[in-house]
Every structure is written in structure tokens, then in C-alpha cells.
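Novice: I need the structure of the sequence given here:
(2 chains)
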Amino acid sequence: MILTNLIAIFRKEFQSYFTSPFAYIIAAVFWLLSGFFFGAILDQLLQTLSFLEQSGQLPQSVDVPSQFLEEFFGVLTSLLLVLLPALSMGLYSEERKRGTLELLATSPVTNWVVAVGKLLGVVAFFLVLMIPIWIYEIIVFSNASPPVNLQVILLAHASLILIATAILSLGMFISSLTDSGILAYILTFVLVLFLWIMDAIANNTKEPFSTILSHLSLFDRYTDLVKGVLDISSLVLLASYIFLGIFLTAQSIEAFRFQRS
Amino acid sequence: MTKLLNYRKIFQYLFIPGLILTVAGLVAGFTTKTWGAFYIGLVVIGGICLVIWLLFILITGQSFWQKRSTQAGTNALISTLSLFIILGLINFIAIRYFPRIDLTDNQLYTLSAETQSIVENLQQPIKVLIFDKETNPQDKDLLENYKRYNNKFEFEIVDPDVKVGLTKEFNVKSLGDVYLKYGNKKQLVQTLIAFNNREALSEIKLTNAIEKIKKDYIPTIYLLQGHGEYSLEKENAEQGSLSEAVSSLENKGYNVKPLNLVESFGIPTDADAIIIASPKRKLFDQEVQALKTYSEEGGNLLLLLDPNTDPGLEPLFKDWGIKLDNRIIIDGSGAGDVVGLGPTTPFITTYGNHPITKEFANGISFYPLSRPIDTVEVKGVEATSLIVTSDKMWAENDLESGEVTFDPKTDISGPFDLGVALTRKINPTEKNNDANGNKVEEKKENTNSSPSPSPSSNNEKPKKTESRLIIIGNSIFATNNLFGQQLNGDVFLNSVQWLGSQDEQPLSIRPKEAKNRRINLSSLQVNLLALLALVIFPLSALVAAVVTWWRRR
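Specialist: The predicted model follows:
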């Protein structure tokens, strides 16, 4: 019962992106930018390498694929910082604006199921946006010699998806608070930016706050994971953010229901 | 279900003990910073209470929240709060107890086994201080990796402009210095910024420094006094002073003392090295004999001898095959003129292949008024050139003649040695005697240490297998005015370090290197990539956007 509801909501949410010109424009911009950076970073890396090789200044060993992965994912996250709030901003604020949120809130489907379904829908759309990048990566990494360490690459991608889900989840909560999509976008952007620079704030505070803050920092954890260090506590933290977003969304819709009744 | 509802009252207020217990545990833990089992127990029990309560609320939630909106509001607030606490707890436990798995090929981000065991076995707190404005994230990651193995390991990034007191306490010389603090011992680990080049903090250096400072052994260096040698004190203008060299040695973790052989009846047993810096007058025969015996039994000597001085150390020199030459080295290349020093100051840029000079490359050190050092082969003695003059230098016999020119009859032409490092294996027969002597010493130490375990009683000396000697035909290079210039200070410090570091094998930690990997793309693939990334995908999305927009209209 719950599962069918979940699937229904997921499908509705996922399909809605393919009928919206706005989503296609986002996709076009994201693909252009990410594609440009992919090519530019790869090109620059290979050129510096051949320059160093020719001038004989090359350090003894260079792992080009993982260096590329690290640099590209670094740029990718800053793109996601702009992109993801745009995906999540309409999740609930659209419904509020159209007045369909009452229907959702009072429907027999629980708020949890609605929230999880919507989140899955937007994550699925995000994965669609990532497909071209995966295609480029397959082309590049399949030409590495010796073959790449697949574990590291898979971990980097899994953590990218996890961090995107966390941001989308928090963005979903924020969009459930307001009926203005733009406001939701700005607030989400600010929140994620704050989580990003948390590490810098942490450096300027005293113990134990600096440890706590630096652990909460999303991107600090993420850089570790992308390098190939599977820190389970980082995964737990990302999962906590995802769960927190869903929980708060459900609570916020619950509160909305009582405000209206 | 009805039974569950009977206990509703209890469940409903379970969050109160839950909150109290967790908060108490967390506060106690953070204030005392000891995280004993009791505090963690408190936190865990409180967390369990909260989880049960939250589950209960979620299960019976429907009936709860349908009652009244106000009640729902407070409930929402409380459940949100407790969710925060629960998530916090889960994360806390995850950080403390969940492992890190390094998936990279060569375990790039994992400390070596040697480092791990050394850090895990730390008994006392140890602190790394980096005196720098900013830190490299890699360095911080490395230090955090160390910290992961033992909470007694701490680190701090100190801005020298903000914490002036601390900077003074450590006698920080330059930005980027990394110091270790262990008990009240301090030691320089590494200088991160050298010649405006930033280098990464090295695990090899840090672990070796920890191992060294942990050993509790403070090497003692003596400076011979009483024959017009340079003074250790700062205020001694007429005699010249080595106080800068002394304070640099102390910074490196040495104990530096003056030695007056006439007053102290022989050489102290704790002498790891004796520095004889240019005595102006002859030593007594008894003193020379004492030094000779010291050297024969594995002692280490650093001799800095200016020309025109005769310390009367010939018996010692005979053992080691050293010949002093009273000529003065003249630098014909004119390098000294550039900085206003005459031709009597040789500028050295060639060094021998020796641990002392291995990092110097072609750096400059200079030695105003110096003499060449000649060595004769003696059985059992291994001599290595340290400081080598260039072929544009010669040793001048006659300075008074007015014109300083190379005269092949009386002068010797370069290259020759200005400084030499020598080692000699100690006789095996003497070793047996030593073994007996050591036993007695050990007994003594035991009786000393049992009543009062003071740090000095732990000051155990490493066993000796060879004696070392360094002779440099100059002493002015190490005096206060010149010590800080170019590599002069490094020549002196490295020499003393080599003398005092007998039998200290550095840990063999291999540097981590990434696996060598390349990407070989054909030009076809490159073009395909560019086409896909810059044209096909963005354009198709744009077309789709236009189509959907058109349809919607």
C-alpha cells in the first residue's frame, strides 16, 4: 500500500520534469558547463603533464585518472551548489502556489511517503542530468593504463549522489516552508553555502566546537570520500542530513495541515 | 496495542529522562574531555530512551496529532529536538567507533604501520605546533590521521603574530616552523617554508621526531673552555661568542654545557660530543690525554681550529691521521668581494657526500681566515671530505709579503679539504671491557631510579660502536655574526647532530607514492568528447526545452 503510493508520487514527480521547459533549460546549462569543465580540466592536466615530462621535472609517479577525478569533482560540486537548489525549489512551493498542498496534506497518504516520493523523484532527475558525465568518464577512464581503481571511482560517485540527495532533501524542506520558488532557491543556496564554508568557520573557533563544526561540514567529508577514503562516519553524516530533510518536511506539512484546519 | 496504550503515560514522558541523561553525559564528557565508559553509558542510555520515545510517538502518532493543533505543535517541536539529539548521537558514535577504509591503491591516506604503533603507544600527551598563518589542508589531514590513533596526540596551528608569547617560548625562527612538545621538551620537526617554497608536512620527519622526543634521552654537548675559546655567553665581545649556535642547539633538543677540564677532573660521562672551538693557548698534556682517551672510548669531537693557533692536540691527530697546515686559504675567484669580504674568505659551494652535507646541494657557506685540513690514511679510520675548496683557491704560505699570489713552490693549490668527518670503529677487545662497565652502570641506574623516578635517571645513553670526529679549519663561521648567514649555521648544527646521533637509526618509513597511471586518448576520442560535451547534449536539451514550451502554448 505504502509502496504503491510511493511509486505513484515518485512517478508523478519524475515525469513532471520532462514536461517542463524550465527543467530542460537547467539541463542544457548544466550540461554545457559541466562538459566545458570536463574538457578543460582534462586538457590542462594532460598538457601540464606532457610539459613536465619533456622538461624532465616530472615527479616519480602521477596518478592521472584520480587527479582528474578529484579536480573535476571539485568543480562539479560548485556547479551543483547552484544547480541543486533550482531542482528542489519547486518541490513543495509549486504545490502551495497552486493550492494543491491541502489535497496532499489531507490525503490518506502519509506526509512521509509524499516527502520520500518527491525526494526520490528529484534525485532520479538529478541522475538523468549526470548521465552525459558518466558517458564521458567511461570514455576517459577506459583508456587509462594501468586500469583504474574502480572502487575509488565508484565511491566518489556514490558520495556525489549522496551529497546531492542531502542537499535536495534540505532544499525540499525549505521549499515546503514558502510558496515562492525564488525564495526557496535563495534560502537553500544560503543554507548549502553555509554548510560548505562551515569548515572555515570551524577553523576559527575553539575546541570542542571546531571539531563538531568541521565534522558537520558537508564538503569536508566529501573531499575525503572523493579521494578514496571510505569514512563510514561521513556516510552516516550524509545519511543524517537526508533523513533530517525528510523528517522536517513531514513535520512542516503536518504543521501546515493544522494551520489550515 | 491496548497494552501499549496503558503505558502511554510512561512512554509519553520518556523524553525527559532521555534528554537529561544525554545532555548530562555530553556536558560531562566535553568538559572533562575524558569520555570514560560512564559518560558514554549515560549518553547511550539517554539516546535509547529518546529512540523508544520517538518510535512510540511515530507509531501512535496519528491519534496524537489528530487531537488538537496546539498539542501537535509542541509535539512537533519536541520530536524535532529529540531527532537532532539522536542524529547527533549516532554521528558521535560513528566518528568514534567506525573505521576508515582507504581504498586507494597504495594506501595513500593511511599512516604507515610504524607510525601507527608509535602513536598508539604514546603514554603522555604530545602536541604538534605549526607556526604559520595558514595551513595546507593536506597537512591538516595528516595530523588528523595521527590524532585518529591516539587522543593524546594534539596539534595546533599557531599564528605567530597573534600568540607572541608562545612563539617566543619556542624561539621560533621562521614562519612555517613545526615544533613538537612532549612534557616540557620541545623539538623542531620541520620547516615548512624554505626559500619561499612551501613543502608538505612529512610523515617520515614527524614520526621520527616523535620517536626521538619520546626516548627521553637528551644528548649533552660540551664546549671546551679555559684556553681562550669562544664563550657560550652572549655578552663577551672581546672573546667572541657562540651563543647563537648554543641556543640553536638547545632548540634542537640538546643540553649544552661549558667544560673546563682543569676544574672538572676529566671528561664527564654524559658527554655525547665535545666541541673545541679554536683554543688560543695550548692545552695541558693531561687534558690532551683525557680527550684522547675519550675519543678512543667512543667519544665524539668537533674541532674548529683557526690558523696560527696551536692547541697541542698532536697525539690525538696522530690517532686519526690528521695533519694541520698552517697556511691560509685564499679565494682567488673574487666571490668574497661581492659581499665586501676579502680574498681570505673562501666561499664554498662544493660539499662531500656525507649525511651532514647531503641536503646542501650547491649552497654557500663561507669561512673567513681558514686553514686546509690534510688527512693521512690510518688503519680503521674512515675519512670523508665535508667542505671542499674550489680549484680557484689555494693555501697561502706567506701573507706578509704584501702581494698575495699563488706561488707553486710554497703554496698548495685547490681543491683540498677545509673540513673532514672521520669515524673509527672501537676495538672489539675494548668492547668486552665495556660490557662489564655497562653492567655496573645499569645497576647504578636501577638503584637511582627506584626511589625517585626523575626524568634524568631515564637519561640512558645509547651504546657506542664507533667514535666520530669532525675537524674544520675554521671557527669564525659559527660565531654570532656569521652563524645565521647562508649555510654556516647548518654546517655547524648538522655536524653536531651527526656527532650526537650515534646508533640512532631513523625509522625506515617509505614515502607514499601514488600509483603511476596515465590516460591515453586518441584524437578521435578527444574530438568525440568535445562534440558530445559542448554540442550534442546541451543542444538537444535546448531543443527539448523549446519543444515543450511550444507544446504548452
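
Novice: just want the residue of the stretch 301-450 of chain B that's nearest chain A.
Specialist: The nearest approach of the stretch 301-450 of chain B to chain A comes at B:A361, 15.8 Å away (C-beta to the nearest C-beta). For the C-beta atoms, the positions are set from N, CA and C on the backbone; glycine is no exception.

Novice: shouldn't that residue be within a strand?
Specialist: No - for B:A361, which was evaluated using DSSP: H, G, I helix; E, B strand; the rest coil, the result is coil, with no strand membership.

Novice: and the gap between it and B:I470?
Specialist: 20 Å (C-beta to C-beta, to the nearest Å).

Novice: between these two, which is the more surrounded one?
Specialist: B:I470 (27 against 9; other C-beta atoms under 10 Å in any protein chain shown).

Novice: what's near enough to touch that one?
Specialist: B:301-303, B:356, B:386, B:419-422, B:495, B:498-499 (C-beta atoms under 8 Å, 6 or more residues apart in numbering or on different chains).

Novice: how far away is it from A:D179?
Specialist: With C-beta to C-beta as the criterion, B:I470 and A:D179 are 82 Å apart.

Novice: burial check on A:L177, number of neighbours?
Specialist: So A:L177, with other C-beta under 10 Å, has 18 neighbours.

Novice: what about it, which SS state?
Specialist: Applying three-state DSSP to A:L177 yields a three-state assignment of coil.

Novice: in three-state terms, label B:I275 for me.
Specialist: Under three-state DSSP, B:I275 comes out as strand.

Novice: which helix or which strand is home to residue 41?
Specialist: In the absence of a named chain, chain A is used. Here A:I41 sits within helix A:21-55, counting by DSSP states H and E.

Novice: hmm, I had chain B in mind actually
Specialist: Assigned by DSSP H and E, B:G41 falls in helix B:37-59.

Novice: in that helix, what's buried?
Specialist: Within helix B:37-59, the residues that qualify as buried are B:39-40, B:42-44, B:46-51, B:53-54, B:56-57, counting by 16 or more other C-beta atoms under 10 Å in any protein chain shown.

Novice: out of these, who's nearest chain A?
Specialist: The closest of the buried residues of helix B:37-59, once distances to chain A are taken by C-beta to the nearest C-beta, is B:L54, at 10.0 Å.

Novice: quick check, that closest one in contact with B:I86.
Specialist: Yes - B:L54 lies in contact with B:I86 (C-beta atoms under 8 Å); the separation is 6.8 Å.

Novice: give me the angle between the strand or helix carrying B:L529 and helix A:21-55.
Specialist: B:L529 is part of helix B:523-531 when elements are defined by DSSP H and E. Angle between the axes of helix B:523-531 and helix A:21-55 is 150 degrees (criterion: axes from the mean of the first three to the mean of the last three C-alpha atoms, to 10 degrees).

Novice: now helix B:523-531: how far from the chain's centre is it?
Specialist: Mean-position distance between helix B:523-531 and its chain equals 49 Å (C-alpha atoms, centre = their mean, to the nearest Å).

Novice: picking that back up, does chain A sit close to the helix holding B:G41?
Specialist: No - using C-beta under 8 Å from any C-beta of the partner chain, helix B:37-59 stays clear of chain A, coming no nearer than 9.1 Å.

Novice: identify the residues contacting B:V178.
Specialist: B:128-131, B:188-192, B:201, B:206 are the contacts of B:V178 under C-beta under 8 Å, 6+ apart.

Novice: quick revisit: centre of the chain to the helix holding A:I41, how far?
Specialist: Mean C-alpha position of helix A:21-55 versus that of the full chain (C-alpha atoms, centre = their mean) differs by 19 Å.

Novice: give me the contact list for the host helix or strand of B:Q190.
Specialist: Take DSSP H and E as the rule and B:Q190 turns out to sit in strand B:185-191. With contacts defined as C-beta under 8 Å, 6+ apart, strand B:185-191 is touched by B:128, B:170, B:174, B:176-180, B:199, B:201-202, B:205-206, B:209, B:212-213, B:218, B:251-253.

Novice: just the buried residues of that strand, please?
Specialist: Applying 16+ other C-beta under 10 Å to strand B:185-191 flags B:186-190 as buried.

Novice: I'd like the residues you listed as JSON lines, with pLDDT and distance to A:L195 appended.
Specialist: Below are the buried residues of strand B:185-191 laid out as JSON lines (pLDDT from 0 to 100; distance: C-beta to C-beta, whole Å):
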{"residue": "B:K186", "pLDDT": "81", "distance to A:L195": "39"}
{"residue": "B:Q187", "pLDDT": "80", "distance to A:L195": "39"}
{"residue": "B:L188", "pLDDT": "82", "distance to A:L195": "38"}
{"residue": "B:V189", "pLDDT": "84", "distance to A:L195": "34"}
{"residue": "B:Q190", "pLDDT": "83", "distance to A:L195": "34"}
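
Novice: now, the most widely separated pair of those?
Specialist: Within those, B:K186 and B:Q190 form the most distant pair, 13.9 Å apart (C-beta to C-beta).

Novice: rounded mean pLDDT for the helix or strand containing A:V82, please.
Specialist: A:V82 is part of helix A:64-88, with elements assigned from DSSP H and E. For helix A:64-88, the mean per-residue pLDDT is 90.

Novice: check stretch B:520-539 too.
Specialist: Rounded mean pLDDT across stretch B:520-539 is 89.

Novice: check contacts around the residue of chain A found nearest chain B.
Specialist: Nearest residue of chain A to chain B: A:G35, at 2.8 Å (C-beta to the nearest C-beta). Listed by C-beta under 8 Å, 6+ apart, the contact set of A:G35 reads A:132-133, A:136, B:532-534, B:537-538.

Novice: helix/strand/coil for B:V256?
Specialist: strand.

Novice: would you confirm that it contacts B:I221?
Specialist: Yes - at 5.0 Å, B:V256 counts as touching B:I221 under the criterion of C-beta under 8 Å.

Novice: shared neighbours of the two, which are they?
Specialist: With C-beta under 8 Å, 6+ apart as the test, B:V256 and B:I221 both reach B:L249.

Novice: for the residue nearest the centre of chain B, give its distance to chain A.
Specialist: For chain B, the residue nearest the mean C-alpha position is B:V189 (1.6 Å; C-alpha atoms, centre = their mean). Computed as C-beta to the nearest C-beta, to the nearest Å, the B:V189 to chain A distance reads 21 Å.

Novice: contacting residues for the residue nearest the centre of chain A?
Specialist: The centroid of chain A falls nearest to A:A164 when counting by C-alpha atoms, centre = their mean (1.4 Å). By C-beta under 8 Å, 6+ apart, the residues touching A:A164 are A:80, A:84, A:123, A:126.

Novice: tell me which element B:S495 is part of?
Specialist: Counting by DSSP H and E, B:S495 is part of helix B:488-500.

Novice: hmm, I typed the wrong one, I wanted B:I471.
Specialist: Secondary structure (DSSP H and E) places B:I471 in strand B:466-472.

Novice: in its sheet, what does that strand sit against?
Specialist: strand B:300-304 (parallel), strand B:417-425 (antiparallel) (DSSP bridges).

Novice: okay if I get the ones you listed as CSV plus mean neighbour count and mean pLDDT?
Specialist: Listed next are the strands paired with strand B:466-472 as CSV, based on neighbours: other C-beta atoms under 10 Å in any protein chain shown; pLDDT from 0 to 100:
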stretch, mean neighbour count, mean pLDDT
strand B:300-304, 26, 88
strand B:417-425, 23, 87
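
Novice: which residues does the closest residue to chain A within the stretch 151-300 of chain B contact?
Specialist: Residue of the stretch 151-300 of chain B nearest chain A, by C-beta to the nearest C-beta: B:I157 (8.0 Å). Contacts for B:I157 (C-beta under 8 Å, 6+ apart) come out as B:130, B:132, B:135, B:140.

Novice: what's the closest non-adjacent residue to B:I472?
Specialist: Spatially, and ignoring its direct neighbours in sequence, B:I472 is nearest to B:G419 (3.9 Å; C-beta to C-beta, 6 or more residues apart in numbering or on different chains).

Novice: quick revisit: show the buried residues in the contacts of A:A164.
Specialist: Using 16+ other C-beta under 10 Å, the buried members of those are A:80, A:84, A:123, A:126.
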